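**Student:** Give the three-dimensional model of this entry:
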Amino acid sequence: MTESLKILVCGDVRGEFKTLFNRVDVVNRKTGPYAMLLSVGEFFNPHDDSEWQEVLSALIKVPVPTYVLGPTMPENKKYITDISGCELTQNITYLGRRGVYTFSSGLTVAYLGGLEKGSDNVSDPDVRFASADVDKVRLPFTSNKDFKGVDILLTSQWPSGVEKYGNNVEEHSDVCCSSLVSQLALSLKPRYHFSGFGGTSYERPPYRNHRVLQGSAEHVTRFIALANVGNKEKQKYLYAFSITALKFVDAVELKKQPKDVTECPYTVDASLFKSETSEVEEKVQQFFYDQKSLENRKRRHNTGHERPQKKPAQPSGPCWFCLGSPEVEKHLVISVGEHKSAFPQCYLALAKGGLTPDHCLIIPIAHHQSTTSAPDDILTEIETFKSSLRKYFSSVRKEVVFFERNYKTRHLQIQVVPIPRTVCQDLVDSVVNFAVSQNFELAQIPQFSDLKQIVPGMAPYFYIEFPDGEKFLYRIKQGFPIQFGREALALPSVLNMPDRADWRNCKSTKEEEIQMVAEFRGGFKKFDITLR
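**Tutor:** So this is what the prediction gives:
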């Protein structure tokens, strides 16, 4: 079992940064070190930013890495540069509106900021969530039969009905409760669920995530609500605990039932969500609508009444990868995609100075910086290309490694490197150990996870996907070796070509590149979906 993490959680800060971080510093010195501080509820004060300015200028020190939920008030959006997630200042990260954050320790933290839509008259989607937001968090997990639960769930609002079978709460308003949060907790089975916003400290007895005599035992959930930082009633606003990532905990130990455990206070309420059947029907209807719209646009093409199409994002300067750019070396293009919308989204190209002659790239035609910023139709076509490439390389007794570096690059590139099957047995260990030798750690992420939910906003990262489906991520900090992916695969234990780790040492003439593209096309032809 790996070493447990010490974690702190605080309630609504509301701009009381001096009080919070002074207290955290004292606790960290006495009983730490703590790996992180998680903040639930409202972090900022909409009317007074004086202490926040002191945080920004380092007059108020942030003693441990701090992770913050999204605002509950529209006025506090002014403190956040990217509502989908960003670094606010050194040691403080805004997680985003909703998602899942997987730490290098393997710890999974699901989060949902803001308040449920309909709680009041505010309708701003940046600070109010609906059933679709909850589905974005829960469905990637619940659709996987091997899913057991997440380690921690963070929400600003309390779950409705949490007091059932537990102890009563005084001075607690219904405005703080959300039925959708209850359903999220029911689906995700967190080992710990923290909430704020109610202004009240409350710790419920743990509850079961299974029904007695109706299924095998599962781990319990502990719900803890925290009061406002520095509250006059001296209610608890800072909670300390230790936890080991669920995937490393022995199954028997994980499922132990405390003496004070209760039944689960929540029941499934399907009326809050669209059924899967209705969603499929909507998609089918939308498909035919899109096809009809496309035909109508074609018929109107020369009438002068065609609607202007939304332009894709444009690079700030010359881009070597936008297919319409004059800088692109078009002789390297192997295939141009064919998405169901009838508009190609990506293309496949030979890598310039590749590790191997069949090292290639999957690249969006339009300008998109990373997987986390690309729209769904781009990601769909990337996965289609991946599937075709796996089949192609399998036919020649090779496996494939895919990796992406969103760091010091302006255009999304999925690197595709074929690997002989004979070296695949120790491939993952070789790459992971090489990362350690470079002074950073690749964190394994669930195979069913969504990268957009794990990495907030435009944060830099390195992502790698191995032939057996294992996926690893590193949230890049300063000093990351930009050639890491190539260097790792060029190791003696993998491709054994360390002299080709830098692409600049692997240049070919244009004639040689044209020949390599022709050879690749010849082999790939029967697997290329664009030719069917």
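**Student:** S387 - how many residues pack around it?
**Tutor:** Neighbour count for S387, taken as other C-beta atoms under 10 Å: 12. In short, each C-beta sits where N, CA and C put it, glycine included.
**Student:** For it, pull up the helix or strand it's in.
**Tutor:** helix 376-395 (DSSP states H and E).
**Student:** for that helix, what is the average pLDDT?
**Tutor:** The average pLDDT within helix 376-395 is 92.
**Student:** And stretch 162-176, by the same measure?
**Tutor:** 72.
**Student:** Endpoint to endpoint, that stretch covers what distance?
**Tutor:** 12 Å (C-alpha to C-alpha, to the nearest Å).
**Student:** Then stretch 434-451?
**Tutor:** 23 Å.
**Student:** where does the residue positioned nearest the centre of the chain land on pLDDT?
**Tutor:** Central residue of the chain (C-alpha atoms, centre = their mean): I454, 1.8 Å from the mean position. Note for I454: predicted pLDDT of 81.
**Student:** Use 12 as the first number for this chain going forward.
**Tutor:** That works, and once the first residue is 12, the last one we named lands at I465.
**Student:** I'd like the distance between it and L390.
**Tutor:** Per C-beta to C-beta, to the nearest Å, I465 is found 14 Å from L390.
**Student:** Starting from N242, give me the distance back to the closest residue to L80 other than its chain neighbours.
**Tutor:** Computed as C-beta to C-beta, 6 or more residues apart in numbering, the closest residue to L80 that is not its neighbour in sequence is G124, at 4.1 Å. G124 sits 21 Å away from N242, going by C-beta to C-beta.
**Student:** Quick check on the two: which one has the bigger neighbour count.
**Tutor:** Taking neighbours as other C-beta under 10 Å, G124 and N242 compare with G124 leading, 29 against 19.
**Student:** Contacts only, for the more buried one.
**Tutor:** 80-83, 106-109, 138, 140, 166-167 (C-beta atoms under 8 Å, 6 or more residues apart in numbering).
**Student:** switch the cut-off to 10 Å
**Tutor:** 51-54, 79-83, 94, 105-110, 137-140, 144, 165-168 (C-beta atoms under 10 Å, 6 or more residues apart in numbering).
**Student:** tell me the phi and psi of it?
**Tutor:** phi -90, psi 170 (degrees, to the nearest 10).
**Student:** how about the helices of the stretch 162-311 of the chain, start to end?
**Tutor:** For the stretch 162-311 of the chain, the helices defined by DSSP state H, counting those that start in this stretch occupy 190-199, 262-265, 287-310.
**Student:** Surely S193 touches G172?
**Tutor:** Yes - with contact defined as C-beta atoms under 10 Å, S193 counts as touching G172 (5.8 Å).
**Student:** who touches both of the two?
**Tutor:** 276-278.
**Student:** which among the residues you listed end up buried?
**Tutor:** 276-277 (16 or more other C-beta atoms under 10 Å).
**Student:** of the shared contacts of S193 and G172, closest to I430?
**Tutor:** Distance ranking of the shared contacts of S193 and G172 against I430, using C-beta to C-beta, places Y277 first at 46.3 Å.
**Student:** Distance-wise, check the closest one relative to V240.
**Tutor:** The value you get for Y277 to V240, if C-beta to C-beta is used, is 28 Å.
**Student:** Quick check: which ranges of this structure have low pLDDT?
**Tutor:** 12-13, 181-186, 223-226, 284-331, 336, 349-354, 458-459, 543 (pLDDT under 70).
**Student:** Looking at it, which strand is longest?
**Tutor:** If you go by DSSP state E, the chain has its longest strand at strand 409-417.
**Student:** So what are the sheet partners of that one and their directions?
**Tutor:** strand 425-431 (antiparallel), strand 472-476 (antiparallel) (DSSP bridges).
**Student:** for it, the distance to its chain's centre please.
**Tutor:** Strand 409-417 sits 18 Å away from the centroid of its parent chain (C-alpha atoms, centre = their mean, to the nearest Å).
**Student:** how about the CA coordinates for it, as PDB?
**Tutor:** The C-alpha trace of strand 409-417 is given here as PDB (Å, rounded to 0.1, in the frame of the first residue of the first chain):
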ATOM      1  CA  LYS A 409       3.300  -3.800 -34.000                       C
ATOM      2  CA  GLU A 410       1.600  -1.900 -31.200                       C
ATOM      3  CA  VAL A 411       1.100   1.900 -30.800                       C
ATOM      4  CA  VAL A 412       1.900   4.500 -28.200                       C
ATOM      5  CA  PHE A 413       0.100   7.800 -28.400                       C
ATOM      6  CA  PHE A 414       1.300  10.900 -26.600                       C
ATOM      7  CA  GLU A 415       0.600  14.600 -26.500                       C
ATOM      8  CA  ARG A 416       2.600  17.500 -25.000                       C
ATOM      9  CA  ASN A 417       0.600  20.700 -24.300                       C
END
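**Student:** Return the angle between stretch directions for it and helix 387-406.
**Tutor:** 150 degrees (axes from the mean of the first three to the mean of the last three C-alpha atoms, to 10 degrees).
**Student:** Please identify the buried residues of strand 409-417?
**Tutor:** Quick answer for strand 409-417 (16+ other C-beta under 10 Å): 409-417.
**Student:** ok, now stretch 367-387?
**Tutor:** 367-385.
**Student:** Can you tell me the element the nearest residue to P44 once chain neighbours are set aside falls in?
**Tutor:** Using C-beta to C-beta, 6+ apart and skipping the chain neighbours, the partner closest in space to P44 is K17 (7.0 Å). Secondary structure from DSSP H and E places K17 in strand 16-21.
**Student:** now the following helix or strand past that strand, how far from the centre of its chain.
**Tutor:** Heading C-terminal from strand 16-21, the first helix or strand you meet, by DSSP H and E, is helix 28-42. The chain centre lies 29 Å from the centre of helix 28-42; the measure is C-alpha atoms, centre = their mean.
**Student:** Okay, angle between helix 28-42 and strand 16-21 too, please.
**Tutor:** 150 degrees.
**Student:** neighbouring contacts of helix 28-42?
**Tutor:** 17, 19, 21-22, 24-25, 27, 43, 45, 48, 50, 54-56, 61-66, 70-75, 77, 102-103, 240-242, 248-249, 251.
**Student:** What residues of that helix count as buried?
**Tutor:** Neighbour-count burial for helix 28-42 [16+ other C-beta under 10 Å]: 28-29, 31-32, 34-35, 38-39.
**Student:** from those residues, which is closest to E214?
**Tutor:** Closest to E214, out of all of the buried residues of helix 28-42 and judged by C-beta to C-beta, is V38, at 17.8 Å.
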